[in-house]
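S.K.: got a predicted structure plus its sequence, pasted below:
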Amino acid sequence: MSELLVERDGTTLTLTLNRPDKMNALSATLVEALLEQVTEAGRTDIRLLVFKGNGRNFSAGFDFGGYEDQSEGDLVLRFVLVEQLLQAVRHAPFETMALAHGRNFGAGVDLICSCARRIGDPGATFRMPGLAFGLVLGTRRYAERVGEARARTVLGDGLVFDADEALQDGFLTGRVPIAEWQEAVANAAEAACRLSPDVAAALFSATTADTRGQDLADLVTSAARPGLKERIRAYRAQTSLHREKRP
């Protein structure tokens with residue numbers, strides 16, 4: 001079974017995360033496939049790139065499966081590839097759109113955040129726990145969406161926020177039930193073609209702060225600090241403990 005489903009309809013490209021048994025966690029191969037598709041789309045006449053997930057949610061974020069058997073260097077490289085994917089989406093020369101549902105975490109939320117149009121089903125929830133194991137990933141992009149004060153509260157306290165809160169603070173640009181997503185995509189596809197490709201690309205470039213170098217440096221500095229695997233282990237153990245305590 002392919003981890004990524006690719007569908008093209010005219011100038012709209014839809015990428016569907018297809019690991020429903022793993023809550024669409026971002027494996028190394030899935031991240032590589034996503035990055036390849038985003039990069040290739042920039043060489044074509046694609047005007048709208050849509051991300052969505054199969055199953056009960058959009059994405060559970062970074063896939064920690066088998067992390068104990070990977071070196072810290074391997075893990076750092078995987079995080080770097082995630083950041084490269086997020087940067088490619090954030091600075092794409094075409095319109096980007098994420099359709100989120102269910103419970104979403106970490107790098108999955110970062111992928112949503114990187115898109116220009118961010119649509120959430122009313123039942124969607126979001127959490128970005130990376131700082132709990134010392135990882136600075138997507139932090140500046142999130143702060144750009146919601147503001148410095150809100151970002152510090154949500155990220156520092158590890159808060160879960162729902163679709164209503166996300167729409168209110170600017171993380172989401174729309175709160176749309178899944179049944180109406182097809183119409184939302186059609187409207188976005190029409191809007192994406194209003195300007196010529198060159199003019200649209202110029203607009204996106206002029207309205208997007210280019211902090212790619214600093215974002216990557218912040219990530220590498222945080223991830224390369226010795227003890228990454230132990231920090232991940234402690235975080236996962238704490239998360240498991242919290243799940244066990246739930247009534």
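M.R.: Great, that's in hand. Residues are numbered from 1 along each chain as shown.
S.K.: centre-most residue in the protein?
M.R.: L111 (1.2 Å; Cα atoms, centre = their mean).
S.K.: ok, that residue to E183 distance?
M.R.: For L111, the distance to E183 equals 23 Å [Cβ to Cβ, to the nearest Å]. Using the backbone N, CA and C atoms, a C-beta is placed for each residue, glycine as well.
S.K.: where does the chain dip in pLDDT?
M.R.: Flagging of the chain using pLDDT under 70 yields the residue ranges 241-247.
S.K.: ok, which stretches of it are helices?
M.R.: Shown for the chain, the helices assigned by DSSP state H span residues 28-41, 72-90, 106-114, 139-146, 148-157, 163-169, 181-192, 197-206, 212-223, 228-245.
S.K.: wait, Y67 touches K229, no?
M.R.: Yes. Assessed by Cβ atoms under 8 Å, Y67 is found in contact with K229 at 6.7 Å.
S.K.: touching both of these two, which residues are there?
M.R.: L75 (Cβ atoms under 8 Å, 6 or more residues apart in numbering).
S.K.: one step back: mind checking the helices of the chain for the one nearest to G130?
M.R.: helix 106-114 (5.8 Å; Cβ to Cβ).
S.K.: and the angle for that closest one with helix 28-41?
M.R.: Here helix 106-114 runs at 20 degrees with respect to helix 28-41, directions being taken by axes from the mean of the first three to the mean of the last three Cα atoms, to 10 degrees.
S.K.: and the angle from helix 106-114 to helix 72-90?
M.R.: Between helix 106-114 and helix 72-90, the angle comes out at 20 degrees (the same axes, to 10 degrees).
S.K.: give me the angle between helix 106-114 and helix 139-146.
M.R.: Angle, helix 106-114 to helix 139-146, by the same axes, to 10 degrees: 50 degrees.
S.K.: give me the distance between V199 and L48.
M.R.: Counting by Cβ to Cβ - V199 and L48 are separated by 15 Å.
S.K.: in stretch 177-190, what counts as buried?
M.R.: W181, A184, V185, A188, A189 (16 or more other Cβ atoms under 10 Å).
S.K.: likewise stretch 114-132?
M.R.: 114-121, 124-132.
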